[in-house]
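Student: generate a structure from the sequence data that follows.
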Amino acid sequence: MTRFFSIINTSSPHIYHSALPLSPKTSIVWKLYELHSHPLTRVVCGLPASWEQSAASVGFPALVRTAVWSPCSKFVAISWGRFDYGGTVEILDAMTLGQLKILPLYKQSITKCLIFSPDTSLLTWIGLDPDWIISWDVQTGVLVSTISSKLLGGFAGEVSVTYSTCGTMIGLHTCNASTSTISIYNILSGTHMHSHSMKKLKLEGVWTHGECLRYAVMKSGIITTWEVRFISTHTLTKVESLSLPPNLPSKEIPIFYPALSLIVFFIHGTGYILDTEHSKYLLVFRDPASHQRPSFSTDGCFFAYITHDSNVNIWRESPTGYTFHRRLTSISSNMLYISPNGESLLTRSILVAQLWHITDSSIPNLTTSTQTSQRNSRSHLVFSPDRTLAAVTPWRGTTVTVLDLKSSVPRLIIDTGMEVYGLGVAGGTIVIIGYDDNSTGKKFVTWNIPARDCALNLKANIDDSVKTITSSDQPKSKSSCASVSVSPDLHHILSVERNYPGISFHGLYLYDSLTGQCLASAPKVTYGDPGFTQDGYGVWAHDTSGEEEGWRIIKDDECNVTKLEYLGLTKCPPGELSWQCSPGYQVRDGWILHSNGKRLLWLPPHWWPDWDDRVWSGQFLGLVTSKLPEVLVLELE
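Tutor: So this is what the prediction gives:
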């Protein structure tokens, strides 16, 4: 019910068309009701082995910008919207993520902050460009006040906010290129009370302490706390100073949790939690995602952070500091928020929010497995032109599986002995491109795929390959190779390579797969992940905004020269590329639709793939998103 509530609420027949077919085969509900399912889509492979840990999930039609818990832990507010549209704020039930209120943002402004009042009676939204502060009554959804940019003075940079104890005023910190400002506003009357400007410093947020607003700045290894009263215009007053550890690099900016007297900072892949009140470390932990802000419960009993391999580690307070509590592995998130009472965790990605009950002892404590450790990035998936086979490998993994699409049974499993950067399959042949530790260039390795009726040994390795060719170029490092694709006829290989790791512009290189010779190149590619058209002589690349640029492969037989003719920024004909929907199908708000609008399948919100996480080939659709434990392949009606 929690997994498929949205589908049941929207279209009850899809209990049998979508919910049952997408349920784990080991689940009780599948075993009881398998005979009653009437799917319009066949799941070829990739269903999770068991139910995931999350209690609920909800999807949104546009970018999720921010989320916040209510102080009572009963509600969650989420803001979503497009860049060219003000968007919407939704208030959700914190147990089911069911929608309680919709608060439209009629202003074309990008969300910066959301905050509930201490008694959860008010919700305040702060937006940017133009600048607005909008507050609503949580129970009725009625607009309480709107404060326009004329009063704010602009806040193009960092923004942090806190409510007064009485819940009638907010304190707002804003900053621009050179100045930081603390401003107090009366939310009930929508008026500005007073402001204080100062030279821009590294600010660690604002919080409420009694009748005062406090904030902290860091300079020369010292964190200094200042305060100003909400109802008075008296000058800023220095409260106290804390010295940071001497080994903290000057470029590192610690995270200050003043209510808990904690400082969190990261040095070279190690995280530290410092108790400033007793001058001792509560925890030192390895392998954090230091670019992500950890989250604490209000009393500090729980804290969580996102690891570099897309897991969430949760720690619990103990007499000796913090001890490991549990790990969440079936997530795809770029932000997380622990509820104030420490019982639940909210994670959000681009279009989806998920709820996790972290103190529920009935939920198994999943740890990292071989399967989940391979889901950090998109996998490689290609279909054969005749749509009888699919080849799949984890992102830069070493094992490739060739799958028979009719029987869903592996035809061949290859231990390549090298990191796989791209692959192509056609007829009874598979070409795999990769690097091994001894490579002086990309290796193009070919295997024969055994026929369906003569596959005696499913496993193969490099010794069973038919041919190995090394490309003529010698890249500086593996990291320079961004992506590789193979033409449908397996004759050409396309490689996109960074001039320097991290630079957005790439070089485009076309190789002959039979000789390894570089046939042509384009000096600069604006967009990544290019692919071949179905005839194998067109090359297109795309970006996240949907813009595309193309090339045509021109072969001059007389001069024995191959060129890449640039077509410019234009639109590729529909249905030509793997990331485009096959003719006759659409994807909209989690629904896979027939061209006549018929709903074929609904995907749970946290499975919703981005447009470049889909691989289409006729009636077959592969989802290679990291949101799933493994590649999901579907055959549509």
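Student: which residues of the stretch 351-500 of the chain fall in strands?
Tutor: 352-357, 380-383, 389-393, 399-404, 409-415, 419-426, 429-435, 443-448, 459-461, 467-470, 481-486, 492-498 (DSSP state E, counting those that start in this stretch).
Student: any chance of a markdown table for those strands, columns mean pLDDT?
Tutor: A markdown table is the format used below for the strands of the stretch 351-500 of the chain (pLDDT from 0 to 100):
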| stretch | mean pLDDT |
| --- | --- |
| strand 352-357 | 87 |
| strand 380-383 | 92 |
| strand 389-393 | 94 |
| strand 399-404 | 93 |
| strand 409-415 | 92 |
| strand 419-426 | 90 |
| strand 429-435 | 90 |
| strand 443-448 | 92 |
| strand 459-461 | 89 |
| strand 467-470 | 89 |
| strand 481-486 | 79 |
| strand 492-498 | 81 |
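Student: got a markdown table for those strands, with distance to residue 608 and mean neighbour count too?
Tutor: Where C-beta positions appear, they are placed from N, C-alpha and C, glycine not excepted. As requested, those are exported to a markdown table (distance: least, Cβ to Cβ, whole Å; neighbours: other Cβ atoms under 10 Å):
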| stretch | distance to residue 608 | mean neighbour count |
| --- | --- | --- |
| strand 352-357 | 6 | 23 |
| strand 380-383 | 17 | 24 |
| strand 389-393 | 20 | 25 |
| strand 399-404 | 24 | 20 |
| strand 409-415 | 28 | 18 |
| strand 419-426 | 26 | 23 |
| strand 429-435 | 30 | 24 |
| strand 443-448 | 35 | 21 |
| strand 459-461 | 35 | 14 |
| strand 467-470 | 40 | 15 |
| strand 481-486 | 23 | 22 |
| strand 492-498 | 26 | 23 |
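Student: residue 265: what's its closest spatial neighbour, skipping adjacent residues?
Tutor: Leaving aside its chain neighbours, residue 265 sits nearest to residue 254 (3.9 Å; criterion: Cβ to Cβ, 6 or more residues apart in numbering).
Student: does the one you found touch residue 267 like I think?
Tutor: No - in this structure residue 254 lies outside contact range of residue 267 using Cβ atoms under 8 Å: 10.2 Å.
Student: so which of the two has more stuff around it?
Tutor: residue 254 (21 against 13; other Cβ atoms under 10 Å).
Student: next one: that one from residue 213, what distance?
Tutor: Per Cβ to Cβ, to the nearest Å, residue 254 is found 21 Å from residue 213.
Student: please apply the same query to residue 91.
Tutor: On the measure of Cβ to Cβ, residue 91 and residue 213 end up 26 Å apart.
Student: and the residue nearest to residue 265, what's its pLDDT?
Tutor: Note for residue 254: predicted pLDDT of 78.
Student: ok, residue 91 and residue 213, which is more surrounded?
Tutor: Between residue 91 and residue 213, residue 213 has the larger neighbour count (other Cβ under 10 Å), namely 27 against 21.
Student: quick one: the helices in the stretch 251-400 of the chain?
Tutor: Here the stretch 251-400 of the chain has its helices, by DSSP state H, counting those that start in this stretch, at 370-373.
Student: flag the shaky bits of it, pLDDT-wise.
Tutor: 251-252, 287-292, 309, 330-332, 360-378 (pLDDT under 70).
Student: which residue sits farthest out from the middle of this protein?
Tutor: residue 558 (49.5 Å; Cα atoms, centre = their mean).
Student: quick one: it from residue 270, how far?
Tutor: 63 Å.
Student: list the contacts for the closest residue to residue 417 other than its chain neighbours?
Tutor: Of all residues not flanking residue 417 in the chain, residue 462 sits nearest, at 4.8 Å (Cβ to Cβ, 6+ apart). Taking Cβ atoms under 8 Å, 6 or more residues apart in numbering as the criterion, residue 462 is in contact with 415, 416, 417, 418, 445, 468.
Student: pop the domain breakdown of the chain in here.
Tutor: 5-45, 373-576 (automatic domain parsing).
Student: make JSON lines out of those domains and add distance to residue 137.
Tutor: As requested, the domains of the chain are exported to JSON lines (distance: least, Cβ to Cβ, whole Å):
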{"stretch": "domain 5-45", "distance to residue 137": "26"}
{"stretch": "domain 373-576", "distance to residue 137": "37"}
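Student: how about those domains, which one is nearest residue 276?
Tutor: domain 373-576 (34.7 Å; Cβ to Cβ).
Student: who's residue 549 bridged to?
Tutor: Beta-bridge partners for residue 549, by DSSP bridges, are residue 541, residue 569.
Student: my read: it touches residue 567, true?
Tutor: Yes - using Cβ under 8 Å, residue 549 and residue 567 qualify as a contacting pair, with a distance of 7.1 Å.
Student: compare the two (neighbour count), which wins?
Tutor: More crowded of residue 549 and residue 567, by other Cβ under 10 Å: residue 549, with 21 against 15.
Student: that one and residue 33, how far apart?
Tutor: Distance from residue 549 to residue 33, by Cβ to Cβ: 49 Å.
Student: would you confirm that residue 187 contacts residue 137?
Tutor: No - using Cβ under 8 Å, residue 187 is not in contact with residue 137; the gap is 10.8 Å.
Student: which residues do those two both contact?
Tutor: With Cβ under 8 Å, 6+ apart, residue 187 and residue 137 have common neighbours 122, 144.
Student: who has more neighbours out of those two?
Tutor: residue 187 (21 against 13).
Student: pLDDT score for the more buried one?
Tutor: At residue 187, pLDDT is 93.
Student: skipping adjacent residues, who's closest to it in space?
Tutor: residue 135 (4.9 Å).
Student: partners of that neighbour in the sheet?
Tutor: Here residue 135, judged by DSSP bridges, has bridge partners residue 124, residue 145.
Student: return the residues in contact with it.
Tutor: Neighbours of residue 135 in contact, by Cβ under 8 Å, 6+ apart: 122, 123, 124, 125, 143, 144, 145, 146, 187.
Student: kindly report the same for residue 458.
Tutor: Per Cβ under 8 Å, 6+ apart, neighbours of residue 458: 410, 411, 412, 413.
Student: and residue 26, by the same measure?
Tutor: 49, 50.
Student: burial check on the residue lying closest to residue 565 once chain neighbours are set aside, number of neighbours?
Tutor: Nearest residue to residue 565 in three dimensions, chain neighbours excluded: residue 552, at 4.5 Å (Cβ to Cβ, 6+ apart). Other residues near residue 552 come to 13 when the count uses other Cβ under 10 Å.
Student: host element of residue 552?
Tutor: strand 548-556 (DSSP states H and E).
Student: next, the angle from that strand to strand 492-498.
Tutor: Taking axes from the mean of the first three to the mean of the last three Cα atoms, to 10 degrees, one finds that strand 548-556 is oriented at 130 degrees with respect to strand 492-498.
Student: and strand 548-556, what's buried?
Tutor: 548, 549, 550, 551, 553 (16 or more other Cβ atoms under 10 Å).
Student: just the residues you listed now: which is nearest residue 111?
Tutor: For these, the nearest to residue 111 is residue 548 (29.7 Å; Cβ to Cβ).
Student: per-residue pLDDT, the closest one?
Tutor: At residue 548, the pLDDT recorded in the model is 78.
Student: residue 83 too?
Tutor: 61.
Student: and what of the one 5 residues further on?
Tutor: Turning to residue 88, the model gives it a pLDDT of 88.
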